[in-house]
Structures are given as structure tokens and as C-alpha cells.
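Q: Need coordinates for the following:
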Amino acid sequence: MTTYDWLLFFHVTGAFFLIGATVCAGWLTFLARRRERPSEIATLLGLVRVVLPLMFAGVVLTLVFGLWLVRAANQGYGYDDAWVIAALILWVLANALGQAGGKREKETQELAARLASEGDVASEDLRARLRDPATLALSFGSGVIVFVILVLMIWKPGS
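A: Down below sits the predicted model:
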């Protein structure tokens, strides 16, 4: 295998980790929002933390090997191509949104865990947090941007 093949392998592996973890986290969050009991909500949101290492590995692998691929691939594209610049900007945006949404989700999970230990009855605060449009926009917006990046990586418009 050539250097290009190895770089592409690790970049695509990172993309699978990132996309898979993003889908899994989104699905668990969706399921948590459909539950009533705080114990179930806390469990489902807590399971999102299980997939975070894969998500973080995907973030690192896609960036490091993606940048290395652009430099070493000699495939007719470079750092000055619009799709590469757009992907990097979107990568930063997706991570910023995901981090902000994840912080809010963690607070919701902690509230649900506390309520679960105090009788397992949902409060209005928990219900409001589960319906919070800002949290939904941050978390699911990050996931949508990850898929837009995937489209850019496959399509490579302009090259």
C-alpha cells in the first residue's frame, strides 16, 4: 500500500467513527426526549457519553489525516480549494456547536439523574430542558454540519 492509501484509510476510518458516533448520539438524544421518567432520560443521555471517545477519535483522525492527505496526495487539489476551506470552517463550526450542545445535554442528564434519585418524577425544568430549542439547534445542527462535510469530502466540488 502507498502512503496515500494509508492516509486515506485513516481519514476514512475517522469519518466512520465521527459519522457513526454522531448518528448514535443523535438517536440516543432523540429517544431521551421521548421518555417521561427521569431515570430513563438520564440513562439514555448518559449513554451518549459512551460514544464520545469514538466521536473525539473521529474528529482528530479526520482533521489530521485530511490535512495530511491534501498536502501529500498530489491529487489536483490543495489548501486553497474552496471545498477544502469550506470543510475546515464547517469542521470548526460543527465542533463548537457540538461542544456547546453537549455541555447543555450533560446538565440535562445530571438534572434527570438527580430527579431519578429523588422519586423518579419529571419536573417542569427537566421537561423544558428537553424541549429547549437552543440545545436542539446546537446538538442537531452540529450533526447536520458533519453530514454536509461528508458530502463535501465525497463530491469535492471544483476539483
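Q: So for residue 10, what's the nearest residue that isn't a sequence neighbour?
A: residue 65 (4.4 Å; C-beta to C-beta, 6 or more residues apart in numbering). (Glycine included, C-beta is placed from N, CA and C.)
Q: how much space between residue 73 and residue 14?
A: Distance, residue 73 to residue 14, using C-beta to C-beta, to the nearest Å: 16 Å.
Q: the more surrounded of the two?
A: residue 14 (21 against 15; other C-beta atoms under 10 Å).
Q: Three-state assignment for the more buried one, please.
A: Following DSSP: H, G, I helix; E, B strand; the rest coil, we place residue 14 in the helix state.
Q: That one and residue 65 touch, don't they?
A: Yes. Assessed by C-beta atoms under 8 Å, residue 14 is found in contact with residue 65 at 6.3 Å.
Q: And the helix or strand harbouring the residue nearest to residue 10, what's buried?
A: Assigned by DSSP states H and E, residue 65 falls within helix 38-72. Residues of helix 38-72 classed as buried: 38, 40-48, 51, 54-55, 58-59, 61-63, 65-66, 68-70 (neighbour count, 16 or more other C-beta atoms under 10 Å).
Q: Quick check, pLDDT for the residue nearest to residue 10.
A: On pLDDT, residue 65 comes in at 95.
Q: what about it, distance to residue 24?
A: From residue 65 to residue 24 the distance is 22 Å (C-beta to C-beta).
Q: three-state assignment of residue 119?
A: Relying on three-state DSSP, one would call residue 119 coil.
Q: Nice, that's everything, thank you.
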